[in-house]
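K.L.:
pasting the sequence and the predicted model now:
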Amino acid sequence: MPKLFYDDANAAVREAIESNEGYKATAAGLYPTMKPESAYAKLKAKCEGREHLQFDEVIHICRINRAADPLYFLCDELSHDRPATKAPADRAAELITTFNANALALQRLGAQIERIAPDLLKASKAAA
């Protein structure tokens, strides 16, 4: 459950981490090429404000922790409504609809290519 208020942007990031995966797991996902201790220290320094988090790091933190606290903080600061989270089934339905539409478009393109240049289609199938 997201908090009603955050003191600052770093507090929102800390809340996302502390109420979900924790610093060690988040640091490992955020900096996979670093030693775990170094990644942890780097993340802690950034969350405490001694170093700056980049925007893409904040997004990755939200993904790892399945949390939107930084987004909610931003919405509050800019006087926007907080967004509702999409249900996984709704998101899957959207993706399936998009996939099916694109598959149909590809079938139509293939049919057009076959009508316009049947030799080209045969040559591409032979090369594959």
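P.N.:
Looks like it came in fine. Numbers count the residues shown, from 1 in each chain.
K.L.:
contacts and neighbour counts: CA atoms only from here.
P.N.:
OK.
K.L.:
quick check: the residue nearest the centre of the chain vs Ser124, distance?
P.N.:
Residue closest to the mean C-alpha point of the chain, counted by CA atoms, centre = their mean, is Arg63 at 5.4 Å. According to CA to CA, to the nearest Å, Arg63 and Ser124 sit 40 Å apart.
K.L.:
what sits against Lys24?
P.N.:
36, 39-40 (CA atoms under 8 Å, 6 or more residues apart in numbering).
K.L.:
tell me the mean pLDDT for the longest helix along the chain?
P.N.:
Longest among the helix segments of the chain by residue count, using DSSP state H, is helix 88-116. Averaging pLDDT along helix 88-116 yields 89.
K.L.:
and the contacts of the next helix or strand after that helix?
P.N.:
As assigned by DSSP states H and E, the chain's next helix or strand after helix 88-116 is helix 118-127. Residues outside helix 118-127 that contact it (CA under 8 Å, 6+ apart): 113-114.
K.L.:
quick one, what contacts Ala28?
P.N.:
34, 36, 39-40.
K.L.:
list just the nearest of those to Ala67.
P.N.:
The shortest approach to Ala67 among the contacts of Ala28 belongs to Tyr40, at 19.0 Å (CA to CA).
K.L.:
for burial, what's the neighbour tally of the closest one?
P.N.:
20 (other CA atoms under 10 Å).
K.L.:
surely it and Ile17 touch.
P.N.:
No - judged on CA atoms under 8 Å, Tyr40 makes no contact with Ile17 at a distance of 12.0 Å.
K.L.:
any stretches of the chain with poor pLDDT?
P.N.:
1, 121, 128 (pLDDT under 70).
K.L.:
coming back round to it: what strand or helix carries the residue nearest to the centre of the chain?
P.N.:
Counting by DSSP H and E, Arg63 is part of helix 55-65.
K.L.:
remind me what that helix packs against, helices and strands.
P.N.:
helix 9-18, helix 23-30, helix 69-77 (3 or more CA pairs under 8 Å, 6 or more residues apart in numbering; DSSP states H and E).
K.L.:
looking at those, which is buried most?
P.N.:
Across the helices and strands packed on helix 55-65, the average number of neighbours (mean count of other CA atoms under 10 Å) peaks for helix 9-18, which reaches a mean of 21.
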